[in-house]
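Novice: pasting a predicted model and its sequence here:
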Amino acid sequence: KPNWFSMEVNGLRIMGISDEHINKNLEKNELQMSKEQKDWFKSVLNEDPYMPTVVMSHQHLTRIPFYSDWIKPNMDDYNIIYWIHGHVHRWGFSENVDGKGFNILNIGNILYDEESAFMFVKNDGEVLEISFQFRSHANSRWIQNGASVDGIDTVDYDKYKVQISLEPQGCSTNADCSRGAPYEICFVKERICLKGDVNNDGNINMDDFSEFIKDFISFKENGWSVNLRRSDFNYDDRISMADYSIFVQSYRIVRVMPTP
């Protein structure tokens, strides 16, 4: 049964994607995701694009079409720092994958309940630290740093560890926002980018909502056109309730901001 999930642990967002076996004619080892799961994945990331995120899957990235089709092209907009997967029956570690600044840890040689991988998340308010340790159930001991697990690979816990500064990283100008587009602007005092400035007047208010409704109706009646890009807040070439939800979230944030 498909089971995708998202949870937050000590300031770290952990997301798991699931194979749904939609088309039996495709490669059996290819991770197939429904539109529902893809939309869920995008919406969770858009709830807080800056939150450090770990993604988990069974298959390697080369077996996940959604990675090459959407995740990789949009990776710079989010803060995915680790991808953990199995499938390949050996340990493996890669840094700065595809030049996107995230790491891959393959824990795929955990077989027959003989070993387990543990991820530890520490947050002292200034630094978020992610580390790993592996345990052998055959002898009820933690596998030591430098030890060989499968007779081929050796464990390097120091290499796997990631530390992330929790100092505000947000924006200082509109150019720092992910798309630098009129509908995404930087609120300098709060150092956050918000989507929803449909009419490009430097604010997010009910005038923008009126313009958004016009675009929403136009899409329903006439379909997609590039003129609707200003209201396509989640970049999926359509105007939908998902875009409406993003606007409402931004509008509420602006409403509670203190007056300069």
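Specialist: Good, I have the coordinates. Residues are numbered from 1 along each chain as shown.
Novice: how about the contacts made by the residue nearest to Val162 when sequence neighbours are not counted?
Specialist: In space, Val162 comes closest to Ile130 once its chain neighbours are excluded; the distance is 4.7 Å by C-beta to C-beta, 6 or more residues apart in numbering. Using the backbone N, CA and C atoms, a C-beta is placed for each residue, glycine as well. Residues in contact with Ile130 (C-beta atoms under 8 Å, 6 or more residues apart in numbering) are Leu12, Pro52, Val54, Ile81, Tyr82, Met119, Phe120, Val121, Lys161, Val162, Gln163, Ile164.
Novice: check which helices and strands the one helix or strand in the chain whose mean pLDDT sits lowest sits against.
Specialist: When each helix and strand of the chain is scored by mean pLDDT, DSSP states H and E, strand 91-94 comes last, with a mean of 76. Strand 91-94 sits against strand 103-107, with contacts defined as 3 or more C-beta pairs under 8 Å, 6 or more residues apart in numbering; DSSP states H and E.
Novice: just the strands in this structure please.
Specialist: Per DSSP state E, the chain carries strands over the ranges 5-9, 12-16, 53-57, 80-85, 91-94, 103-107, 115-123, 127-136, 141-142, 162-165, 184-187, 192-195.
Novice: which residues does Val54 bridge with?
Specialist: Ile14, Tyr82 (DSSP bridges).
Novice: if I look at it, how far off is Gln133?
Specialist: For Val54, the distance to Gln133 (C-beta to C-beta, to the nearest Å) stands at 16 Å.
Novice: give me the more crowded residue out of those two.
Specialist: Val54 (22 against 16; other C-beta atoms under 10 Å).
Novice: show me how far stretch 51-69 is from its chain's centre.
Specialist: 9 Å (C-alpha atoms, centre = their mean, to the nearest Å).
Novice: and for Ile217, the neighbour number?
Specialist: 11.
Novice: save the contacts of Ile130 as CSV, and put in pLDDT too.
Specialist: Output for the contacts of Ile130, formatted as CSV (pLDDT from 0 to 100):
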residue, pLDDT
Leu12, 92
Pro52, 89
Val54, 94
Ile81, 91
Tyr82, 93
Met119, 92
Phe120, 95
Val121, 94
Lys161, 92
Val162, 92
Gln163, 91
Ile164, 86
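Novice: of all the residues you listed, which comes closest to Ile246?
Specialist: Pro52 (20.8 Å; C-beta to C-beta).
Novice: who's in contact with that closest one?
Specialist: Gly11, Leu12, Arg13, Asn79, Ile81, Leu128, Ile130, Ile164.
Novice: out of the residues you listed, which end up buried?
Specialist: With burial judged by 16 or more other C-beta atoms under 10 Å, the buried subset of those is Leu12, Arg13, Asn79, Ile81, Leu128, Ile130, Ile164.
Novice: I figured the third one hits Thr53, correct?
Specialist: Yes. Under the criterion of C-beta atoms under 8 Å, Asn79 lies in contact with Thr53, with a separation of 5.8 Å.
Novice: shared neighbours, those two?
Specialist: With C-beta under 8 Å, 6+ apart, Asn79 and Thr53 have no common neighbours.
Novice: still on that earlier bit, closest to Cys177 among the contacts of Pro52?
Specialist: Asn79 (14.3 Å).
Novice: tell me the one among the buried ones among the contacts of Pro52 nearest to Ser231.
Specialist: For the buried ones among the contacts of Pro52, the residue nearest Ser231 by C-beta to C-beta is Asn79; the value is 25.0 Å.
Novice: can you tell me how far the closest one sits from Pro49?
Specialist: 7 Å.
Novice: same check, this time on Ile217
Specialist: Ile217 is 28 Å from Pro49, by C-beta to C-beta.
Novice: re earlier: dump the strands of the chain to CSV, plus distance to Glu36.
Specialist: As requested, these are exported to CSV (distance: least, C-beta to C-beta, whole Å):
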stretch, distance to Glu36
strand 5-9, 14
strand 12-16, 15
strand 53-57, 17
strand 80-85, 21
strand 91-94, 30
strand 103-107, 26
strand 115-123, 27
strand 127-136, 29
strand 141-142, 40
strand 162-165, 31
strand 184-187, 26
strand 192-195, 22
